[in-house]
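Novice: generate a structure from the sequence data that follows.
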Amino acid sequence: QVQLVESGGGLVQAGGSLRLSCVASGRIFDINTMAWYRQAPGKQRELVAAIISGGTTNYVDSVKGRFTISGSNAKNTVDLQMSTLIPEDTAVYYCYVRGRSTPTLPIRDFWGRGTQVTVSS
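Specialist: Numbers count the residues shown, from 1 in each chain. Okay, here's the model as predicted:
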């Protein structure tokens, strides 16, 4: 079973930067979306940034100009470069990919287990 594994989280001071990386343990076919979500304590999970098939990127307003998502369908990787971090960015960050485990199976959602990002003031 293909799994997504995140890395790069940690503790950083406000104004600092972190780069999150996500890699699939095996190949995912027909990827149409690669994204990062986050969930802060007591809040619902929210979409932070996404790459849609064709290369279009979307960002939640609160991170525009500070975060950059990049990904490779061929390598099954998706990264999130986070700059000018603020305490409100503190959350568990989850990698997400939508595609197929094999060329014949239905498209499904793949989730990582999450990586903690803590921004101190």
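
Novice: going forward, measure contacts and count neighbours with C-alpha atoms only.
Specialist: Noted.

Novice: grab the most central residue of this protein for me.
Specialist: With distances taken as Cα atoms, centre = their mean, W36 lies nearest the centre of the chain, 2.3 Å away.

Novice: how about the strands in the protein?
Specialist: 4-7, 10-13, 18-24, 29-39, 46-52, 56-59, 67-72, 77-82, 91-100, 108-111, 115-120 (DSSP state E).

Novice: what comes up buried for the second one?
Specialist: When burial is assessed from 16 or more other Cα atoms under 10 Å, strand 10-13 yields the following buried residues: V12.

Novice: hey, what's the nearest residue to V97 once chain neighbours are set aside bridged with?
Specialist: Closest residue in space to V97, ignoring its immediate chain neighbours: M34 at 4.5 Å, by Cα to Cα, 6 or more residues apart in numbering. Beta-bridge pairing of M34 under DSSP bridges involves I51, V97.

Novice: state the distance from M34 to D61.
Specialist: In this view, M34 and D61 are 18 Å apart by Cα to Cα, to the nearest Å.

Novice: and for Q116?
Specialist: With distances taken as Cα to Cα, Q116 is found 21 Å from D61.

Novice: between these two, who's got more neighbours?
Specialist: Legend: neighbour count by other Cα atoms under 10 Å for Q116 and D61, higher for Q116 (19 against 9).

Novice: quick one: residues in contact with stretch 37-45.
Specialist: E46, L47, V48, A49, T90, A91, V92, Y93, Y94, C95, Y96 (Cα atoms under 8 Å, 6 or more residues apart in numbering).

Novice: among the residues you listed, which two are most distant?
Specialist: Largest separation among the contacts of stretch 37-45 by Cα to Cα: T90 and Y96, giving 18.4 Å.

Novice: can you list the residues that contact stretch 53-71?
Specialist: 31-35, 47-51, 77-85.

Novice: what's the answer for stretch 89-100, then?
Specialist: For stretch 89-100, contacts defined as Cα under 8 Å, 6+ apart pick out 4-6, 22, 28-41, 78, 106-119.
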